[in-house]
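J.: coordinates only, no sequence provided:
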């Protein structure tokens with residue numbers, strides 16, 4: 001993997017100062033995915049979901065999309081399905097619709 005971007009370094013440093021910050025945790029996970037560090041990004045998203053199961057719609061969507069892009073369809077379906085349920089529970093119809101669209105790409 002290439003060197004870390006300045007943005008990733010900044011996120012890592014900020015998170016070191018406040019490890020419980022969900023917004024920073026999510027941002028770093030997404031940055032990892034953008035930089036091609038898929039395993040690290042997924043682990044960070046999964047940890048965030050585990051720590052905050054009722055407040056992670058965006059994490060579900062990013063993780064599901066990551067699996068979809070890697071053609072890991074069973075994993076994509078599972079995380080997107082749970083993300084859709086969470087989004088609907090929270091009244092986030094836009095996110096639910098977007099994840100439903102991703103599931104449609106899988107043929108569900």
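T.: Yes, it's here. Since the model is a prediction, treat every value here as computed from it, not as a measurement.

J.: for the rest of this, base every contact and every neighbour count on C-alpha atoms.
T.: OK.

J.: buried sites along the host helix or strand of residue 13?
T.: In this assignment (DSSP states H and E), residue 13 forms part of helix 6-17. For helix 6-17, a neighbour-count test (16 or more other C-alpha atoms under 10 Å) marks 8, 11-12, 15 as buried.

J.: can I get the residues you listed in a markdown table with distance to residue 50 and pLDDT?
T.: Converted to a markdown table, the buried residues of helix 6-17 look like this (distance: C-alpha to C-alpha, whole Å; pLDDT from 0 to 100):
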| residue | distance to residue 50 | pLDDT |
| --- | --- | --- |
| 8 | 22 | 96 |
| 11 | 20 | 97 |
| 12 | 20 | 96 |
| 15 | 18 | 96 |
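
J.: how about the helices in the chain?
T.: Ranges of helices within the chain are 6-17, 22-34, 38-51, 57-69, 73-90, 93-105, based on DSSP state H.

J.: what about residue 41, how many residues nearby?
T.: 25 (other C-alpha atoms under 10 Å).

J.: for the nearest residue to it once chain neighbours are set aside, give its distance to residue 82.
T.: Excluding its sequence neighbours, the residue lying closest to residue 41 (C-alpha to C-alpha, 6 or more residues apart in numbering) is residue 29, at 4.3 Å. Counting by C-alpha to C-alpha, to the nearest Å, the separation of residue 29 from residue 82 is 19 Å.

J.: thank you, goodbye.
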